[in-house]
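Engineer: Fold the following for me, if possible:
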Amino acid sequence: MHRLFLILGAIAGFLGVAMDAFGAHGLRAVLDEYHLSIFRTGVSYQMWHAFGLALVGVMLRLFPDMRLLIGAGWFMLAGIVLFSGSLYLLSITGMRGLGWITPFGGMSFLAGWLLFGLSAWRLERN
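Structural biologist: Numbering: from 1, shown residues only. Purely as a prediction, here's the structure:
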């Protein structure tokens, strides 16, 4: 399972860099500053959580029986899709109706880090 999260982290990081380049070079001319800042927020959160996914993969390699880490990784991935994905769509299409999805992604990020922290807490206690 650790390989999966390492690979997912690498893919998320690769796509995050690609999205940042797309925003900087492709969207700068067509989006206003407000929508470009929304897009950049999506990129920023995606990149941080790409590292989070890779960290989950490393921790699972060291502690393969720590099931909370698996949940942390899935929540981080869900957060990238829901939070960053909705911000990308919102900024490019201008469809405000997509905004209701974003908080679910944010909650997924929070749940992922909470589970990661609980995993660390359990390691300390053992």
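Engineer: Only the buried residues of the longest helix along the chain, if you could.
Structural biologist: The longest helix of the chain (DSSP state H) is helix 33-62. Using 16 or more other Cβ atoms under 10 Å as the test for burial, helix 33-62 gives 35-36, 38-43, 45-50, 52-57, 59-60. For the C-beta atoms, the positions are set from N, CA and C on the backbone; glycine is no exception.
Engineer: Stretch 76-88 now?
Structural biologist: Buried, per 16+ other Cβ under 10 Å, within stretch 76-88: 76-80, 82-88.
Engineer: and if you look at stretch 9-23?
Structural biologist: Here stretch 9-23 shows 9, 12-13, 15-16, 19-20, 22-23 as buried, counting by 16+ other Cβ under 10 Å.
Engineer: okay, the host helix or strand of residue 87 in PDB with CA atoms only?
Structural biologist: Using DSSP states H and E, residue 87 sits in helix 85-93. The C-alpha trace of helix 85-93 is given here as PDB (Å, rounded to 0.1, in the frame of the first residue of the first chain):
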ATOM      1  CA  GLY A  85     -10.500  20.300  -8.500                       C
ATOM      2  CA  SER A  86     -13.500  22.500  -7.700                       C
ATOM      3  CA  LEU A  87     -11.300  25.600  -7.500                       C
ATOM      4  CA  TYR A  88      -9.800  24.800 -10.900                       C
ATOM      5  CA  LEU A  89     -13.300  24.400 -12.400                       C
ATOM      6  CA  LEU A  90     -14.700  27.500 -10.600                       C
ATOM      7  CA  SER A  91     -11.800  29.700 -11.800                       C
ATOM      8  CA  ILE A  92     -11.800  28.600 -15.400                       C
ATOM      9  CA  THR A  93     -15.600  28.300 -16.000                       C
END
